[in-house]
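**Student:** here is the input, now give the coordinates:
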Amino acid sequence: MSREAVKTTNAPTPPPGLSQAVKYNGMVYCSGNIGSDLDGTLVSGGVKEEARRALQHLSAVLEASGSSLTNLVKVNVFLTTMDDFAAMHEVYNEVLAHVEPKPVRTCVAVYQLPKGAKVEIECSAALNPSHKL
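**Tutor:** Take a look at the predicted model:
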């Protein structure tokens, strides 16, 4: 089976050596996204706005791959402090309110994230049947 890189201009371009996502065996695996503008500038407004923007980017990558947020299987969230957990969780629940069943999720605190971000989110999702690779 082959793997296929996913690329969209509706999410930030990843650093050299990385893909926005990779499709393989009926799944799409998305790289982590921080809450930045398309040019890479971190959004203002704290962890809520960063989480919202990261999820918007992941949604764009999933759509470009032939999937969507409704197909999420696993989400990993990285926070620079667990003090931001409740705020991140609030936005996460807003954005994924329509998703059933809810994906499994892991959330961990890390020392630091790229560009001074407060949150980074990555995910894996099933591809729509017509897009399976």
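
**Student:** pLDDT weak spots in this structure?
**Tutor:** Low-confidence segments of the chain, defined by pLDDT under 70: 1, 130-133.

**Student:** all strands for it, in order.
**Tutor:** 4-6, 21-24, 27-34, 72-79, 104-109, 119-126 (DSSP state E).

**Student:** which stretches of the chain form helices?
**Tutor:** Applying DSSP state H to the chain gives helices spanning 47-65, 85-95.

**Student:** which one of the ones you listed is the most hemmed in?
**Tutor:** Of all those, helix 47-65 has the most neighbours on average by mean count of other Cβ atoms under 10 Å, namely a mean of 22. All C-beta atoms are positioned from the backbone trio N, CA, C, and that covers glycine.

**Student:** who does that one touch, helix- and strand-wise?
**Tutor:** Contacts defined by 3 or more Cβ pairs under 8 Å, 6 or more residues apart in numbering; DSSP states H and E place helix 47-65 against strand 4-6, strand 21-24, strand 27-34, helix 85-95, strand 119-126.

**Student:** kind regards, and thank you for your time.
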